[in-house]
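> sequence below, structure please.
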Amino acid sequence: MTENKGFFGSLFDLSFSELVTTKIVKILYIIAIGLSGLMALGMVIGGFSNSAGNGFGMLILAPIVFLLQVLFSRILLELVIVVFKISENTSHLVQKDNTNSLP
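Residues are numbered from 1 along each chain as shown. Below is the predicted model of the structure:
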């Protein structure tokens with residue numbers, strides 16, 4: 001089994017035995033939430049800069065768009081994690097099978 005190398009050890013691992021994405025997925029999710037919030041705020045500000053009616057419309061639409069973007073980001077990141085977990089579990093099964101097949 002490989003030992004846990006940490007973020008920078010995994011980043012410069014040329015054999016790709018350690019995966020970096022699973023270590024930074026929380027940061028990516030926080031960034032996605034922040035960018036979604038900034039976009040929703042920009043929608044509201046842009047709406048009010050056009051007219052009061054557009055501004056109030058954006059006050060209703062922006063939270064819905066924000067929630068949909070956060071949900072979509074979460075689903076995509078969870079799919080990425082699932083693929084990486086499948087990869088890790090498959091490699092563990094192959095290693096276990098190789099140790100059991102030795103005479």
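> list the contacts of I33.
V70, S73 (CB atoms under 8 Å, 6 or more residues apart in numbering). From N, CA and C alone the C-beta is placed, and that goes for glycine too.
> please redo it, this time with the cut-off set to 7 Å
V70 (CB atoms under 7 Å, 6 or more residues apart in numbering).
> separation between it and E88?
Distance, I33 to E88, by CB to CB, to the nearest Å: 26 Å.
> tell me the pLDDT of the most centrally placed residue in the chain.
The residue lying closest to the centre of the chain (CA atoms, centre = their mean) is L77, at 3.4 Å. Note for L77: predicted pLDDT of 95.
> then M58?
96.
> next one: the one 4 residues further on
You'll see A62 listed with a pLDDT of 97.
> and what of the one 3 residues further on?
Looking at V65, its pLDDT stands at 97.
> could you do N4 as well?
For N4, the model assigns a pLDDT of 67.
> pLDDT below threshold where in the protein?
Counting by pLDDT under 70, the chain shows low-confidence ranges at 1-4, 15-17, 100-103.
> by residue count, tell me the biggest helix in it.
helix 52-101 (DSSP state H).
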